[in-house]
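> missing the sequence, but the structure's below:
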């Protein structure tokens, strides 16, 4: 009877053989080609999981992944449990991307790893938080902020007390290039861009040059599928959520969009996925037809005008922006004064080695801290810092907070 190591070696061999037989040999990225930065440091033990499946597990067991559950997608401070949160959005992207990838004979483990990690770096209160942190950093001449680059930063350099998750290069490349806010008709394979040097260069420029993130694209077709699936997943669902919240009328969707894509999230997702699959199969690229792409752009413009830019959302974003700026300045002051009783020291910096503070500007440290907050943790920190506290008849929560009466 074979020993345990022999069994695992056999399983890994069978897995690689099945991959080569089932995936498109010219277009898919094979697990056997996956590389980590730590490769060479030690001899890896036989693993029944593919490298990309291993990455999936590393991501979903991270602290940052757990915080997805209380992060805004579009509509914040909503008590309706059926409205999309960040955690649900990530699952939708994964499901859509896997469906497309399966039909195109691509690597589903790589697709899922990119999908589950793509929004890890998102701020509380969605793009409103991302925009404000970017503005504050730029005002202070301290670079900028984009969530896709922050996702790579978190997974590679902040998780596990600064050790990172040691993910494979194609996964990090796909996460950095996933920008679903920028639509494009056609995405082409470009494996020649896949290198650690290029990843680090792009990551650095995303944090230093405003707008550079729009120039970064995935190097694998799996990454391209996740990027387009991000767009597919939110267009119809955000419209559906807006209808549920009575922000828009269900008949408000332009006739051209309804005629081509459909008028429900189900129809919109199905139409876009079917079109991608039909037009991409065997071509070496991920592409929409011209008619579908024009309808997609029209719907995206509608969403930005009538939903993301509506007066109600704009007012809430403005309030949140003021809160972020206030808390950002407060934490900067705490760092400057070395106030070790501040939550930025107790809840964040204390989890990192001393090198973290030495290697990063104070502004970047504050950005890391705020970006990693859930919506409720952010509100709690803001209330503690800026609002008068309430206390019980016996002052119990005063003692709990301050440790004594004044």
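Perfect, I can see it now. What you are looking at is a predicted structure, and each value in this text was computed from that prediction instead of being measured. Residues are numbered from 1 along each chain as shown.
> which stretches of the stretch 51-200 of the chain have low pLDDT?
Low-confidence segments of the stretch 51-200 of the chain, defined by pLDDT under 70: 74-75, 77, 80, 84, 180.
> Helices along that one, start to end?
According to DSSP state H, counting those that start in this stretch, the stretch 51-200 of the chain carries its helices in the segments 51-60, 63-66, 86-103, 108-117, 126-139, 147-153, 169-176, 196-208.
> mind giving me the domain split of the chain?
When the chain is parsed with automatic domain parsing, its domains come out as 4-40+54-311, 313-402.
> Please render the helices of the stretch 51-200 of the chain as CSV that adds distance to residue 31 and mean neighbour count to the earlier fields.
Glycine gets a C-beta too; all of them are placed from N, C-alpha and C. Written out in CSV, the entries for the helices of the stretch 51-200 of the chain read as follows (distance: least, CB to CB, whole Å; neighbours: other CB atoms under 10 Å):
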stretch, distance to residue 31, mean neighbour count
helix 51-60, 5, 21
helix 63-66, 22, 16
helix 86-103, 14, 21
helix 108-117, 7, 29
helix 126-139, 32, 20
helix 147-153, 20, 25
helix 169-176, 10, 29
helix 196-208, 18, 17
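> Tell me which of the ones you listed approaches residue 19 most closely.
helix 108-117 (9.1 Å; CB to CB).
> the inter-axis angle of the closest one versus helix 169-176?
40 degrees (axes from the mean of the first three to the mean of the last three CA atoms, to 10 degrees).
> if I pick the closest residue to residue 51 other than its chain neighbours, what's in contact with it?
What sits nearest to residue 51 in space, not counting adjacent residues and going by CB to CB, 6 or more residues apart in numbering, is residue 34, at 3.8 Å. If a contact means CB atoms under 8 Å, 6 or more residues apart in numbering, then residue 34 has 50-52, 110, 168-170 as its contacts.
> which of those sit farthest apart?
Of all pairs drawn from these, the one with the largest separation by CB to CB is 50 and 169; the distance is 14.5 Å.
> So the closest residue to residue 374 other than its chain neighbours versus residue 378, what's the distance?
The spatial neighbour of residue 374 that comes closest, neighbours along the chain excluded (CB to CB, 6+ apart), is residue 70 at 3.7 Å. Noted for residue 70: a distance of 10 Å to residue 378, by CB to CB, to the nearest Å.
> Pick out whichever of those two has more residues nearby.
Here residue 70 and residue 378 are compared on neighbour count by other CB atoms under 10 Å; more neighbours surround residue 378, at 22 against 16.
> how much space is there between that one and residue 323?
When CB to CB is the yardstick, residue 378 and residue 323 sit 8 Å from each other.
> Residue 323 and residue 381 touch, don't they?
No. Residue 323 sits out of contact with residue 381 when judged by CB atoms under 8 Å, with a separation of 9.7 Å.
> can you tell me the distance between the two ends of stretch 286-293?
For stretch 286-293, the separation between the terminal residues is 12 Å (CA to CA, to the nearest Å).
> contacting residues around that stretch?
Among residues not part of stretch 286-293, those counted as contacts by CB under 8 Å, 6+ apart are 100, 104, 183, 185-188, 221, 224-225, 228, 260-261, 271-272, 275-276, 278-280, 296.
> ok, now stretch 151-161?
Counting contacts by CB under 8 Å, 6+ apart, the residues outside stretch 151-161 that touch it are 37, 59, 62-64, 117-122, 164-167, 172, 175-176, 199, 203, 207, 351-353, 368, 372.
> redo that, cut-off 6 Å
Around stretch 151-161, the neighbours that count as contacts under CB atoms under 6 Å, 6 or more residues apart in numbering are 62, 64, 117, 120-121, 164-165, 167, 172, 175-176, 203, 351.
> Let me see the ranges of the strands in this structure.
Read by DSSP state E, the chain holds these strands, from start to end of the chain: 186-188, 285-287.
> Can you say which of those strands is packed in most?
For the strands of the chain, the largest average neighbour count (mean count of other CB atoms under 10 Å) is found in strand 285-287, namely a mean of 21.
> What pairs with that strand, parallel or antiparallel?
Taking DSSP bridges as the criterion, strand 285-287 forms sheet pairs with strand 186-188 (antiparallel).
> Now residue 326. Nearest residue, chain neighbours left out?
Per CB to CB, 6+ apart, closest to residue 326 is residue 386, 6.3 Å.
> What about that neighbour, how many residues nearby?
Other residues near residue 386 come to 11 when the count uses other CB under 10 Å.
> so what's residue 323 up against?
Taking CB under 6 Å, 6+ apart as the definition, contacts of residue 323 comprise residue 382.
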